[in-house]
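> how would this look folded up:
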Amino acid sequence: MTFKKIYFSIYIKLFLCFLYGFVINTIYRPYIYKHNIPDCGLADVGNNIIFIPTTYYIIGVFNKKKNPLSKIDVIKQVVILSFLEIISAFVPHIGTFDIKDVFALIIGAVALLLFEFDKLKKE
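Next up is the predicted model:
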């Protein structure tokens, strides 16, 4: 795969992440809450699932390397963001703690590691 194709695919993936986040926040979440539909918490954690992949692709747009972040960098992001989420349980005005958000960050990171890094090994 040429560099231009990789760069173009990063833009497409970043656009899809932003589109997903927009739909979750502006359409799905209000609809679920308004109609009181049980959705196993997806409306609550929808953005956390794609947070780490989105940051990976944003860094990929500005970074000219084939692989903008290493696996260790992705793991560091999960640890730091999970720590901030846990801190929010104890420090007022930071946010609201929800263990589902931590699990969503982990799910997003695992999906990124499985799909992106496995694909890069094959090239």
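> what ranges of this protein fall below the confidence cut-off?
Applying pLDDT under 70 to the chain flags the ranges 1-3, 6, 64-68, 118-123.
> can you give me the helices in it?
3-23, 29-35, 42-62, 71-87, 99-112, 118-122 (DSSP state H).
> Using CSV, write down the CA coordinates of stretch 96-116.
Included here for stretch 96-116 are C-alpha records, laid out as CSV according to Å, rounded to 0.1, in the frame of the first residue of the first chain:
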residue,chain,number,x,y,z
THR,A,96,-19.1,11.9,36.6
PHE,A,97,-17.5,8.6,37.2
ASP,A,98,-19.0,5.6,35.4
ILE,A,99,-17.2,2.3,35.2
LYS,A,100,-18.9,1.7,31.8
ASP,A,101,-16.8,4.6,30.4
VAL,A,102,-13.6,2.8,31.5
PHE,A,103,-14.7,-0.4,29.8
ALA,A,104,-15.7,1.6,26.7
LEU,A,105,-12.2,3.1,26.5
ILE,A,106,-10.7,-0.4,26.8
ILE,A,107,-13.0,-1.8,24.1
GLY,A,108,-12.0,1.0,21.7
ALA,A,109,-8.3,0.5,22.3
VAL,A,110,-8.6,-3.3,21.8
ALA,A,111,-10.5,-2.7,18.6
LEU,A,112,-7.9,-0.3,17.4
LEU,A,113,-5.0,-2.6,18.3
LEU,A,114,-6.7,-5.6,16.7
PHE,A,115,-7.6,-3.9,13.4
GLU,A,116,-4.9,-1.3,12.8
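> and it, how far out from the chain's middle?
7 Å (C-alpha atoms, centre = their mean, to the nearest Å).
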